[in-house]
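Trainee: model the following, please.
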Amino acid sequence: MKSIATNISKLNQSLINVTERDEAYFNSPFHHHPEIELVYIKEGFGKRIIGNTVEDFEEGEVLLIGSHTPHIWMSDKSFYLSGNTKRCKAIVLYFNPDIFSDSFYQMEDSFYLNQLLKRSKNGIKITGDARKDIINRLEKMPGIKNLDKLICLLYILNIISITNDMQLISKQEIIHPADSGRLNSLLEYINVNHNNKITLNEMAKISNLTPESFCRYFKQKTGKKFNDFLQRTRINFACQSLLNTDMTIAEIAYKNGFKTTPGFNKSFKKVKGSSPSEYRKKVSENLHDSFNLKHTLQTNVS
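Mentor: This is a model prediction of the structure:
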């Protein structure tokens, strides 16, 4: 199962696009695109997949989805039944990161925005007062044109970049921008080298700390022990392989830094609550059921 590559900017000939969806059920395929996507679910409920995480969704949700992060909303089965009068509605804002220049992203004033865009690759759910403010802005955006649209986008991004009212969909710890520098370098190193052997002594040397001091520092900043964090990072990357490739379980285990398939299976079940094969099967069945329901409904209508 692979996500389909799309390009919203080329399709709509615009680097900022606002779409109002009002449908019997959400029917987009499992896909990804270079544009960053902000979604407000006005009506509807069911399952969604963002990156490597499958969760329920409901009306009122506001989510930010990063560039090239695979995602799909699958309406509840009740939306496909004959005689159903419920609707699925959403306001979706797409913007291409290229709308801003490199010099813009290098500005000191853009620091929090850069942090936000990095986190958005895991998917972000906005909550609290920030969510209410964003909903109010999004509902006005379909009627906004020209530079006012850009101003509104910047206002929304600023709200999200400085608020604490957010949750990462991937369940990883949110690292506050104030903890940048050393910690961000360590996390980047883990992400890039997760498929290789990474030792505690190696990380301590990189951070210019003793192994004992590094362990205390890492736990204080992330809320997790280093080995647990490394294992979860590898599992998250493995989930992406399970969802987006046809690789075998053994291939995925090796690709993501696990020495043996049994060890990978054990670690995966501990973190995700199911085996890698069960996880892949569950998601595939959800997508398959959604496709079959759509196909049946479309056939009956035609």
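Trainee: all contacts plus neighbour counts: C-alpha atoms, from now on.
Mentor: Fine.
Trainee: low-confidence stretches in the stretch 1-150 of the chain?
Mentor: 1-2 (pLDDT under 70).
Trainee: for it, just list every one of the strands.
Mentor: Secondary structure of the stretch 1-150 of the chain (DSSP state E, counting those that start in this stretch): strands at 4-5, 16-23, 31-32, 36-43, 46-50, 53-57, 62-65, 71-75, 88-95, 124-126.
Trainee: residue nearest the centroid of the chain?
Mentor: residue 123 (2.5 Å; C-alpha atoms, centre = their mean).
Trainee: and that residue, backbone torsions?
Mentor: phi 80, psi 130 (degrees, to the nearest 10).
Trainee: where's it relative to residue 101, distance?
Mentor: The gap separating residue 123 from residue 101 is 23 Å, by C-alpha to C-alpha, to the nearest Å.
Trainee: likewise residue 17?
Mentor: Counting by C-alpha to C-alpha, the gap from residue 17 to residue 101 is 18 Å.
Trainee: more neighbours: which of the two?
Mentor: residue 17 (19 against 9; other C-alpha atoms under 10 Å).
Trainee: for that one, give me its contacts.
Mentor: 9, 93, 94, 95 (C-alpha atoms under 8 Å, 6 or more residues apart in numbering).
Trainee: out of those residues, which is most surrounded?
Mentor: Top of those by neighbour count (other C-alpha under 10 Å): residue 94, with 23 neighbours.
Trainee: quick one, what contacts the nearest residue to that one once chain neighbours are set aside?
Mentor: Using C-alpha to C-alpha, 6 or more residues apart in numbering and skipping the chain neighbours, the partner closest in space to residue 94 is residue 37 (4.6 Å). The contact partners of residue 37, taken as C-alpha under 8 Å, 6+ apart, are 64, 65, 66, 67, 92, 93, 94, 95.
Trainee: burial of residue 10, as a residue count?
Mentor: 9.
Trainee: cool, residue 278 as well?
Mentor: That count, for residue 278 with other C-alpha under 10 Å as the rule, works out to 12.
Trainee: can you name the helix or strand that it falls in?
Mentor: Assigned by DSSP states H and E, residue 278 belongs to helix 276-301.
Trainee: residues near residue 42, how many?
Mentor: Residues within reach of residue 42, counting by other C-alpha under 10 Å, total 21.
Trainee: that one and residue 90 touch, don't they?
Mentor: Yes - applying C-alpha atoms under 8 Å, one finds residue 42 in contact with residue 90, separated by 5.0 Å.
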